[in-house]
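Enquirer: This is a predicted model, with the sequence first.
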Amino acid sequence: MATISQSLARFVAGLRGQDIPPEVIERAKHLILDAIGCALAARRFDFAKTSLRAIFALAGSGDSVVIGQAERLPLRDAVLANGILAHGLDYDDTHSEGIAHLTVATFPAALAVSADLGLSGKDLLVAYIAGMEGGARLASAAKGAFHQTGFHPTGVIGAFSSALAAGRLYGLTEEQLAHAQGVALSTAAGSLEFLEDGAWTKRFHAGWAGVGGITAAAMARHGFVAPLAAYEGRFGLYNSHLKKEVDHSRATRALGEAWELMNVAVKPFPACHFAHAFADAALAVRNKIDFRKIDRITALVPEGIVEVVCEPAESKRRPASDYDAKFSIPYIVAASLVRGRFSLAELEDEALGDPEILAVAEKVDYRIDTDTTFPKHYPGGIVVRQEGKEISHREPVNRGSADRPLSNADVVKKFMENAGAARVRDAVLRLDELKAKAFAETLAG
């Protein structure tokens, strides 16, 4: 019987552009557009400036494009930089069931390799889709368990999706693609320790996953021998990283028949996807309450997200940084109630120190909601107690999910708000008509 690696290798090696439905190709372009918009919006933030300084100092100049920058980097270093930029605002897409940000690892890898090899935009798109299909299934098989053991699925699974995409572009055989995944097993990484103090390390995960994936594909291309049971083996990914039973069949189910890329959710808010329903719930009740007279707010939370966005409770109520705030239901609910929105502006220092927001955040606690469809959706609700009355609102399906998606037009609008770059927008939406290198050039600063 074929291993998971071998089954994914067969799919990726055999995938043809004409096998992919037009609506999947169109959505792929819009997911790429969204990631580029996030990268362009990130340039003004300290984490981006610091990351780029460090990478340029380490790597020196090269030929690969860094999104929004005039300077070039060597191929793998450009992938690292682009992954950090695209993922850094936590405004990028999420495969809901897999709870993984896959575009921000897979696309930078596919962009750099396709441009370097002089391939077409169509080649880039097919490779990106192939990587996304594999990665989404691999993440979904874990049934949300990576977070419970302290691993960030984006950093872990992104190495495999990037290896599949890069391997496709390098023209690897099925056997080589299987070995590439075995190499990726030793590069996949990503700790959730950043949740404890709002550190920047999560931003690094997507870029490093892309670097690991490209490296794995290059090693396999030249004959490097690696484990063939990278996922289900005795010390494979699932047995080494998780503490619960995994649905191995989910990792390869309906390849080429059901398109997981269509289940990728685009974010309407620049925060952890787990918290979006709570922002919408707060906005829904805002006109029915006076935030200055609130006695208490109870957030109705799926158990699987508590450790990420609710605990430790005291630090969540007073986030130490913008990144800390992105993973705080108390702060996101409070800011939405006080400001009537949750945008990048609510992550600036002025907002983080706003006494009105912090006063409301101190009044937010949580209760486990057992009646949810998590992780298929990321639901949430709040109950506001004020002057002896209760006002509540619940979002059973988070806005932006596959069952309540942002439209392609919504994605374009978000891109223009983030980046305002019509030339880039037009190039992305014509990607299958361009050469990959010419397309990459449009993304440079």
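Expert: All right, it came through fine.
Enquirer: first to last residue in stretch 92-107, what's the distance?
Expert: The separation between the terminal residues of stretch 92-107, taken as Cα to Cα, to the nearest Å, is 12 Å.
Enquirer: Mind listing what's buried along it?
Expert: Neighbour-count burial for stretch 92-107, counted by 16 or more other Cβ atoms under 10 Å, picks out 92-107. All C-beta atoms are positioned from the backbone trio N, CA, C, and that covers glycine.
Enquirer: now do stretch 219-233
Expert: Residues 219-221, 226-233 are the ones in stretch 219-233 that count as buried (16+ other Cβ under 10 Å).
Enquirer: quick one, what contacts the residue nearest the centre of the chain?
Expert: In the chain, the residue lying closest to the centroid (Cα atoms, centre = their mean) is residue 101, at 1.9 Å. Listed by Cβ atoms under 8 Å, 6 or more residues apart in numbering, the contact set of residue 101 reads 87, 92-95, 154, 158, 206.
Enquirer: Of the buried residues of stretch 219-233, which pair is most distant in space?
Expert: Every pair in those was compared (Cβ to Cβ); the two farthest apart turn out to be 221 and 232, at 24.3 Å.
Enquirer: Just want to check the distance between the residue nearest to the centre of the chain and residue 90.
Expert: In this structure, residue 101 and residue 90 are 8 Å apart, going by Cβ to Cβ, to the nearest Å.
Enquirer: do the same with residue 389
Expert: Distance, residue 389 to residue 90, by Cβ to Cβ: 35 Å.
Enquirer: Give the residue from these two that has the larger number of neighbours.
Expert: Comparing residue 389 with residue 90 by other Cβ atoms under 10 Å, the one with more neighbours is residue 90, at 23 against 10.
Enquirer: excluding its backbone neighbours, what's nearest the more buried one?
Expert: residue 326 (4.9 Å; Cβ to Cβ, 6 or more residues apart in numbering).
Enquirer: How many residues are close by residue 270?
Expert: Applying other Cβ under 10 Å, we find 21 other residues in the vicinity of residue 270.
Enquirer: can I assume it sits in a helix?
Expert: No. Assigned with DSSP: H, G, I helix; E, B strand; the rest coil, residue 270 falls outside any helix and is coil.
Enquirer: which non-adjacent residue is nearest it?
Expert: Using Cβ to Cβ, 6+ apart, the closest residue to residue 270 is residue 91 (4.1 Å).
Enquirer: domain ranges for the protein?
Expert: The chain breaks down into these domains under automatic domain parsing: 4-267+403-443, 273-395.
Enquirer: hang on, the earlier thing: turn the contacts of residue 101 into CSV, columns for secondary structure and pLDDT.
Expert: Formatted as CSV, the contacts of residue 101 follow (DSSP: H, G, I helix; E, B strand; the rest coil; pLDDT from 0 to 100):
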residue, secondary structure, pLDDT
87, helix, 97
92, coil, 97
93, coil, 97
94, strand, 94
95, strand, 95
154, helix, 98
158, helix, 98
206, helix, 98
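Enquirer: can you give me the strands in this structure?
Expert: Taking DSSP state E to define them, one finds strands in the chain at 64-65, 72-73, 94-95, 264-265, 296-301, 364-368, 380-386, 389-395.
Enquirer: With distance to residue 245 added, can I get these in JSON lines?
Expert: Formatted as JSON lines, the entries for those read as follows, by distance: least, Cβ to Cβ, whole Å:
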{"stretch": "strand 64-65", "distance to residue 245": "41"}
{"stretch": "strand 72-73", "distance to residue 245": "42"}
{"stretch": "strand 94-95", "distance to residue 245": "21"}
{"stretch": "strand 264-265", "distance to residue 245": "25"}
{"stretch": "strand 296-301", "distance to residue 245": "24"}
{"stretch": "strand 364-368", "distance to residue 245": "22"}
{"stretch": "strand 380-386", "distance to residue 245": "27"}
{"stretch": "strand 389-395", "distance to residue 245": "30"}
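Enquirer: so which of the ones you listed gets nearest residue 23?
Expert: Residue 23 lies closest, by Cβ to Cβ, to one member of these: strand 264-265, at 13.0 Å.
Enquirer: which residues touch residue 177?
Expert: 5, 8-9, 12-13, 164, 167-168, 220.
Enquirer: Who's the closest spatial neighbour of it, skipping the chain neighbours?
Expert: Spatially, and ignoring its direct neighbours in sequence, residue 177 is nearest to residue 9 (3.5 Å; Cβ to Cβ, 6+ apart).
Enquirer: I'd guessed that neighbour sits against residue 174; true?
Expert: Yes. Here residue 9 reaches residue 174: they are 4.5 Å apart, a contact under Cβ atoms under 8 Å.
Enquirer: Give the residue from those two that has the larger number of neighbours.
Expert: In this comparison of residue 9 against residue 174, neighbours counted by other Cβ under 10 Å, the higher total goes to residue 9 at 28 against 19.
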